[in-house]
Structures are given as structure tokens and as C-alpha cells.
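> quick one: sequence plus predicted model below, questions after.
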Amino acid sequence: MKRLFRRVLRRCGIALPYSNVICAEYAKLVCIEPKGQARITIQQKLVFLDVPDDGDLRDTCPIEPGVTIENFRMQSPDAVEIGRRRLGRKAVAVEWKPRSAITPYAIYEHEHSWMPQGLFDQLAVWTEFQCAPRTGKFLLEMITPQEFSEAVVFERPRWTPLNTERRLVKYAIKQLEAATHRPTILDNGQRLEWRVLGPRKNVRYLCVGFHQNGVLLWKDRLKKASVFGGMRQLAARLTSK
């Protein structure tokens, strides 16, 4: 009955999350190339409680403004794409089916990757992740040709908008002082790693890594912006009199 209900809703354009799956391990790798381009790879060890229908399985990826869902490129060695649709303005859902048969309660290894637009060689780089199914272990790695000096992981706040680079980095610097979650910086500063057992389901995490002197330079940038902002406000008040 539940399977039939999902099929009916899908015909009406409503795709419910597939719940009969457990993710034993989830790994996200962000590999930054010397010229600043990045490749993001997601690896999952999935345990299906039953055999999913076509349309039940989908990967959600962020999509940059100006990129159409038709032009978005994603690769997977184990899956065949069967459809895609936009989720709001900033994400695309790619529906897939496995290349090999799924055996309930056995581990199925799924991988997909894509190359986002934009460069990742700034003073601060960040990535977001969210474990939608129930997940046992989570691993995040970021590899860069430059050196990381500091990094922090935090839950995306519900009521504080982080919709610009300035707001996000300013919030991350504040989280550095609390240091609840700090990734480990390895390999002479060129790799950061964060592991967690039993990540909270559907919680959105942000990892922000600062390249060498990134924190100091960003603090100076924020200070100058604050000073100039105060001067502009003062000038506006004076001219309005």
C-alpha cells in the first residue's frame, strides 16, 4: 500500500523522500585543483530495506545561478540517470537507478561527483552537507594545493541568514572562538578532515576552512567594511539635514 501511495503521488508531481534505506557510511570529498576549480565526490554505503521503484532514488546537488538543469553535469560509476528536476533556485534533484540489482539488507555502494562553477582558491572556502537518510558514520575531507590554517564546522543557523560570503565568513569567525567542532588539519595543512558518528538527520552543517592568514585578512576586511559603513551612514544623516 505504501509503495502504491508513493507511485500515485509521483504521478501528481509529488516526490516523497525514500525512507526504506539506511546509510551506513557517508563520505564527502572536496578536491581543489591548483587553478582553483573543485571536484566534489559523494560516496555512500547504503542498506536498502526493500527494492526501490524507479524515481525513488535521487541525488540532490547545489546548482549555481545561471546554470540550467540540462547543462548541469554529474557522473556516477554505479548509477544510470533516469530524470532530473529543479528544487527551488539553488538545487537540482537527479533521479537514478542502480546498474546492478539491489539486494535488501546488503550494502550497495553509491558514488556521484560534479564540478561546481566558481573558484575555491579564496581566503575562505566552505562546503555544506546534510545527511537525509539515517546515517551511521560521516566523513568530510577537503584537499587544497594551498595550506589551511584554521577550520570550523557548525550547524547552519535557522534564523541567521548566511546568504552572502561576508555574512557566512563573519559567522564562521565567531564560531572559531567557540570551537565546538574543529576539523583536523593534516598533510602539512593541505587536507582537513572531520568525522562524526551518528550525524543528526536532516541537519545542515557548514564547514569553513581558512587558508594561510585568511582569518586575519578577513577580520581586517570586515573591520574596514564596518568603518566605511558607519561613515556612509553618518554622511547620509548629515546630508539629510
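That came in fine, so what should we check first? Since this is a predicted model, take the numbers as computed values, not measurements.
> hey, let's count contacts and neighbours off CA atoms from now on
Will do.
> Leu49 and Tyr105, how far apart?
Taking Cα to Cα, to the nearest Å as the criterion, Leu49 is separated from Tyr105 by 6 Å.
> what's the answer for Gln75, then?
For Gln75, the distance to Tyr105 (Cα to Cα) stands at 26 Å.
> who touches the helix or strand harbouring Lys28?
Assigned by DSSP states H and E, Lys28 falls within strand 21-32. Residues outside strand 21-32 that contact it (Cα atoms under 8 Å, 6 or more residues apart in numbering) are 38-50, 120-121, 131, 133-145.
> pLDDT weak spots in the chain?
Residue ranges of the chain with pLDDT under 70: 1-17, 179, 227-241.
> and the helices in it, which stretches?
2-11, 165-178, 214-240 (DSSP state H).
> and the second one, what does it pack onto?
The one in question is helix 165-178. If you count contacts as 3 or more Cα pairs under 8 Å, 6 or more residues apart in numbering; DSSP states H and E, helix 165-178 packs onto strand 148-155, helix 214-240.
> need the CA coordinates for it. CSV is fine.
The C-alpha trace of helix 165-178 is given here as CSV (Å, rounded to 0.1, in the frame of the first residue of the first chain):
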residue,chain,number,x,y,z
GLU,A,165,30.0,35.5,1.5
ARG,A,166,30.5,38.3,4.0
ARG,A,167,27.8,37.1,6.4
LEU,A,168,28.9,33.5,6.2
VAL,A,169,32.6,34.2,6.9
LYS,A,170,31.7,36.6,9.7
TYR,A,171,29.6,34.0,11.4
ALA,A,172,32.3,31.3,10.9
ILE,A,173,34.9,33.5,12.6
LYS,A,174,32.6,33.8,15.6
GLN,A,175,32.2,30.0,15.7
LEU,A,176,36.0,29.7,15.7
GLU,A,177,36.1,31.3,19.1
ALA,A,178,33.6,28.7,20.5
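> give the buried residues for it.
Leu168, Val169, Tyr171, Ala172, Ile173, Gln175, Leu176 (16 or more other Cα atoms under 10 Å).
> chain center to it: distance?
Computed by Cα atoms, centre = their mean, to the nearest Å, the chain-centroid distance of helix 165-178 equals 17 Å.
> start at 5, not 1
Got it, first residue is 5 now, which makes that one helix 169-182.
> neighbouring strands - and their directions - for the strand holding Lys32?
Sheet pairing of strand 25-36 (DSSP bridges) gives strand 42-52 (antiparallel), strand 138-147 (parallel).
> could you count how many residues lie near Leu196?
25 (other Cα atoms under 10 Å).
> the residue nearest the centre of the chain and Ala83: what is the separation?
Central residue of the chain (Cα atoms, centre = their mean): Glu132, 2.8 Å from the mean position. With distances taken as Cα to Cα, Glu132 is found 23 Å from Ala83.
> thank you, goodbye.
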